[in-house]
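K.L.:
With the input below, show me the fold.
(2 chains)
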Number of protein chains: 2
Amino acid sequence: MSSAKKLGERKIIELIIECLDRMPNNPVPFGDDASAVDIGREKLAVVKTDMLVGKTDIPKSMSFLQAARKAVVMNLSDLAAKGAQPLALLASIGVPPNIKETDILQIGRGLNSGAREYGIYVLGGDINEASDLVISCVALGVCRKDYLIKRSGAKPGDYVAVTGLFGKTAAGLKILLEKLSAPEIEGELVNSVLMPKARVKEGLALARTKAATSSIDSSDGLAWSLHEISRASNVGFIIDDLPIASEAEKFAKIYNYDSVELALYGGEEYELLVTIKPKLWQQAKEAVERVGSSLMKVGQVTHDKRVLLKKDRKTFSVEARGWEHFKST
Amino acid sequence: MSSAKKLGERKIIELIIECLDRMPNNPVPFGDDASAVDIGREKLAVVKTDMLVGKTDIPKSMSFLQAARKAVVMNLSDLAAKGAQPLALLASIGVPPNIKETDILQIGRGLNSGAREYGIYVLGGDINEASDLVISCVALGVCRKDYLIKRSGAKPGDYVAVTGLFGKTAAGLKILLEKLSAPEIEGELVNSVLMPKARVKEGLALARTKAATSSIDSSDGLAWSLHEISRASNVGFIIDDLPIASEAEKFAKIYNYDSVELALYGGEEYELLVTIKPKLWQQAKEAVERVGSSLMKVGQVTHDKRVLLKKDRKTFSVEARGWEHFKST
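P.N.:
Purely as a prediction, here's the structure:
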């Protein structure tokens, strides 16, 4: 009999989904960033829950405060990708018996600070004993039915766009895990891992323009996220302007890494990856700029279902790989 | 520095709550059964998340299917206590690396069956690697603002009532953990532990009558739940008709246990404990009967803040103890 390690996270999710009855008229299909349910008057409640596990998800140099804050951010990021307005946060926490009082206070402060950064409050939750530290947050939001952006609406010809540059978290994680040094850029790279940000106001601004045909947060890595949209929308991509952070480029140069690898296959980045109707590109771009951020065109949606990268006049195939638990590849 | 084992679950919750900013006009204070947020038009979204941890919460004889189903039921029970209509369920699951494919399928089926029993669907969630099996469910519901029943509204003179009899789970757990035998009643007692039920339709029926002044689910035990209402409402109780299940009485007789102990200090029972305006008692009772259950008057709310039990013409003090993690008392 297969064990979790052999099956991998995604196969386990498939197995569980097979057991579940389907809600008629589900506004968001299984496997999208968040779930939604009709609450009447053309509104949806949008809910997300995701768990941070000490052993596998928290690098040693991340404080309890940062870990708890990140547990909040990663859930809000999924609401952001759907264009939902966050309303409230809950946290269900498993703590090992030997945890210290100061650590518990840090967890409380991290949860609170994560929620308050995005204008909401922690309203409740629960504490349990567990072998690992486990922080399972719930983000609840609300969204107008006609604003919700699924993974499944991308159309050939749409522009592909992102809300930020890639590669910093992959480099930052290498610095933390392999104890590498890169004096001038180290702070920025490590900070991208320890203090991620959710693109909540950007997601809301985009939703209001109705310019986005699909959306996902890039937490599983840019490559994986492109493949997710490809699967859900039955389209492909040509990425001709891969947005790599200058710090990631510098880091790659120092340690002889491929910066494209860092940008594509990193993960734990919480940018939005969206497809935009070309006619509404200007509105979408300006809407994101009005909230103080930028929306960068990085490529185009294609009929051909492959995910391709054009760089230096060459074309590469972008693999469907990223961060996956259990599988030790 | 104190560790979790020394602090106990409730002190840890207090420490975390101290760190949290308070949402203005929070419809439900911290520490109530569930959390709520205004979604406009006189409605509240009511949310609950609670975690089932393999090592501490799942007796060995409970199957993965039963454990997953229970993780659903315990969250729905808290919505029920607030008078909220369940809308959707999410589950965030941590699985140990050595879990088998058949176990995963059982978890999926248990989640689905728990949700479908109460007319809702599992809409999403997440899988993670963890040392223990951890099933963290999220129940989302909706409630009219004027229907929501908090822990804090009990008034002296109100009737105290419950939706079922007590003592079976305490006896059932003893059978499971201490491998006791009680042929004729064993099945029923063990079943109360393995297949708990949430009083969802009873909670909804009660909410609509507006007869209940306070409500809590009895999952931490009847005694503890009485003390929780006492604290939140600043009242006391005289319980003069303790509702003990006949199977618990029989079990107590066989093994020379005190059946009152079993009924008061058991826990993992998901009955509703409510206080009812005397003038609306008949309406409340009939409303619960119309959905096929019963509401039993067990005592009265008092000014005096003690929780007292009258039995056989004697008066006992009901202690504020029940099931608590970490503390090995």
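
K.L.:
the helices in the stretch 51-200 of chain A, which residues?
P.N.:
With DSSP state H, counting those that start in this stretch as the criterion, the stretch 51-200 of chain A has helices at A:54-57, A:64-82, A:101-117, A:168-178, A:183-194, A:200-209.

K.L.:
Can you spell out which helices and strands pack onto the fourth one?
P.N.:
Of the remaining helices and strands, those touching helix A:168-178 by 3 or more Cβ pairs under 8 Å, 6 or more residues apart in numbering or on different chains; DSSP states H and E are helix A:183-194, helix A:246-255, helix A:259-264. C-beta here means a position set from N, CA and C on the backbone, and glycine is covered the same way.

K.L.:
again, but for the shortest one
P.N.:
Applying 3+ Cβ pairs under 8 Å, 6+ apart, we find helix A:54-57 packed against strand B:122-129.

K.L.:
Just checking: what are the partner strands of the strand it packs on?
P.N.:
Strands adjacent to strand B:122-129 in the sheet, as given by DSSP bridges, are strand B:85-95 (parallel).

K.L.:
Next, the angle from the strand it pairs with to helix B:200-209.
P.N.:
Counting by axes from the mean of the first three to the mean of the last three Cα atoms, to 10 degrees, strand B:85-95 lies at 140 degrees to helix B:200-209.

K.L.:
contacting residues for the residue of the stretch 51-200 of chain A found nearest chain B?
P.N.:
Scanning the stretch 51-200 of chain A for proximity to chain B using Cβ to the nearest Cβ identifies residue A:108 as nearest, at 2.9 Å. By Cβ atoms under 8 Å, 6 or more residues apart in numbering or on different chains, the residues touching residue A:108 are A:68, B:15-20.

K.L.:
Now, of these, which are buried?
P.N.:
Among the contacts of residue A:108, those classed as buried by 16 or more other Cβ atoms under 10 Å in any protein chain shown are A:68, B:15-17, B:19-20.

K.L.:
Mind checking which of those are in helices?
P.N.:
Among those, the members found in helices (DSSP state H) are A:68, B:15-17, B:19.

K.L.:
what's the pLDDT at residue A:311?
P.N.:
Residue A:311 is assigned 93 on the pLDDT scale.

K.L.:
typo on my end, residue A:129
P.N.:
Reported pLDDT for residue A:129: 88.

K.L.:
sorry, back to before: next one: the residue of the stretch 51-200 of chain A closest to chain B from residue B:12, what distance?
P.N.:
The gap separating residue A:108 from residue B:12 is 9 Å, by Cβ to Cβ, to the nearest Å.

K.L.:
Quick check, residue A:38 in contact with residue A:24.
P.N.:
No: using Cβ atoms under 8 Å, residue A:38 is not in contact with residue A:24, being 10.8 Å away.

K.L.:
Look at those two and report which has more neighbours.
P.N.:
residue A:38 (16 against 6; other Cβ atoms under 10 Å in any protein chain shown).

K.L.:
List the residues that contact the more buried one.
P.N.:
A:25, A:27, A:44, A:145.

K.L.:
Isn't the last one up against residue A:27?
P.N.:
Yes: at 7.0 Å, residue A:145 counts as touching residue A:27 under the criterion of Cβ under 8 Å.

K.L.:
neighbour count winner among these two?
P.N.:
For residue A:145 versus residue A:27, the count of surrounding residues by other Cβ under 10 Å is larger for residue A:27: 19 against 13.

K.L.:
pLDDT wise, what is that one at?
P.N.:
On the pLDDT scale, residue A:27 gets 95.

K.L.:
do you know how far it is from residue A:44?
P.N.:
Distance, residue A:27 to residue A:44, using Cβ to Cβ: 5 Å.

K.L.:
again, but for residue A:112
P.N.:
Taking Cβ to Cβ, one finds residue A:112 at 27 Å from residue A:44.

K.L.:
What of residue A:228?
P.N.:
Taking Cβ to Cβ, one finds residue A:228 at 21 Å from residue A:44.

K.L.:
Between those two, which has more neighbouring residues?
P.N.:
Neighbour tally, residue A:228 and residue A:44, criterion other Cβ under 10 Å: the higher count belongs to residue A:44, 24 against 21.

K.L.:
ok, the nearest residue to the more buried one once chain neighbours are set aside - contacts?
P.N.:
Nearest residue to residue A:44, sequence neighbours excluded (Cβ to Cβ, 6 or more residues apart in numbering or on different chains): residue A:36, at 4.3 Å. Listed by Cβ under 8 Å, 6+ apart, the contact set of residue A:36 reads A:26-28, A:44-47, A:82, A:84, A:143, A:148, B:123.

K.L.:
okay, the nearest residue to residue A:242 once chain neighbours are set aside: pLDDT?
P.N.:
Counting by Cβ to Cβ, 6+ apart, residue A:242 lies nearest to residue A:263, which is 5.9 Å off, once chain neighbours are set aside. Looking at residue A:263, its pLDDT reads 96.

K.L.:
residue ranges with poor pLDDT in chain A?
P.N.:
A:1-2, A:323-329 (pLDDT under 70).

K.L.:
rerun at 80
P.N.:
A:1-6, A:322-329 (pLDDT under 80).

K.L.:
in what helix or strand does the residue minimising distance to the centre of it lie?
P.N.:
With distances taken as Cα atoms, centre = their mean, the residue of chain A nearest its centroid is residue A:219 (2.9 Å). For residue A:219, there is no helix or strand it lies in under DSSP states H and E.

K.L.:
picking that back up, could you redo the contacts of residue A:38 as JSON lines and give each row secondary structure?
P.N.:
Formatted as JSON lines, those follow (DSSP: H, G, I helix; E, B strand; the rest coil):
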{"residue": "A:25", "secondary structure": "coil"}
{"residue": "A:27", "secondary structure": "coil"}
{"residue": "A:44", "secondary structure": "strand"}
{"residue": "A:145", "secondary structure": "coil"}
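
K.L.:
I'd assumed residue A:10 was in a helix, is it?
P.N.:
Yes: under three-state DSSP, residue A:10 falls within a helix.

K.L.:
What is the neighbour count of it?
P.N.:
16.

K.L.:
Next: residue A:205.
P.N.:
21.

K.L.:
Report how many residues lie close to the spatially closest residue to residue A:145 that is not a sequence neighbour.
P.N.:
Spatial nearest neighbour of residue A:145, excluding adjacent residues (Cβ to Cβ, 6+ apart): residue A:42 at 4.8 Å. The local packing of residue A:42 (other Cβ under 10 Å) involves 10 other residues.
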